[in-house]
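S.K.: This is a predicted model, with the sequence first.
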Amino acid sequence: MKIETIAISKKKGTRKSCFEEALLVKDHGLQGDAHAGDWHRQVSLLASESIDKMRNKGLDVTFGDFAENIATSGIDWVTVPVGTRVKLGDTCLLEITQIGKECVKKCAIYYQAGDCIMPKEGVFARVLEGGPVRSGDKIEILPSDTS
């Protein structure tokens, strides 16, 4: 399980630009990203396998096209329960807050890509501990606290 790429955009509803590394800010999200802020959807995550699935349907899409902040490999995000804590790299800690989202209107991503998988397969998280994240960083799903 690892980070494939990190993507940031200055405006909501647009494709994101990919970067090799970025800074996760505690209680905020990715530094410089339009979706960061004081709310429960500070960071969005999407499996690269989901992006591949859309490519296999004939869509010309790549990382960042679905406005995901972090594309991962080796994790089926829709099976990870809300409340799960996820460690990224050496220092960053996220908590999953939402699976999927309701799209009130079709955004630019839908029209550019022909479909959007974030409503069904994307997950959202808040940043509990910040720090640098890089493409290739290990991801660890932490065991739930049963005490």
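M.R.: The structure has been received and is ready for your questions.
S.K.: any idea which residue sits dead centre in this protein?
M.R.: Nearest to the mean C-alpha position of the chain, counting by Cα atoms, centre = their mean, stands Leu45 at 1.8 Å.
S.K.: in its sheet, what does the helix or strand containing that residue sit against?
M.R.: Per DSSP states H and E, Leu45 falls inside strand 43-47. In the sheet, strand 43-47 lines up against strand 70-73 (parallel), strand 123-129 (antiparallel) (DSSP bridges).
S.K.: could you dump the ones you listed to TSV with mean neighbour count?
M.R.: The C-beta positions use only the backbone N, C-alpha and C, and glycine is treated the same way. Shown next, in TSV, are those (neighbours: other Cβ atoms under 10 Å):
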stretch	mean neighbour count
strand 70-73	22
strand 123-129	22
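S.K.: May I see the ones you listed arranged in JSON lines, with mean pLDDT and distance to Val86 as well?
M.R.: Output for those, formatted as JSON lines (pLDDT from 0 to 100; distance: least, Cβ to Cβ, whole Å):
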{"stretch": "strand 70-73", "mean pLDDT": "98", "distance to Val86": "9"}
{"stretch": "strand 123-129", "mean pLDDT": "97", "distance to Val86": "7"}
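S.K.: closest to Thr5 out of these?
M.R.: strand 70-73 (4.9 Å; Cβ to Cβ).
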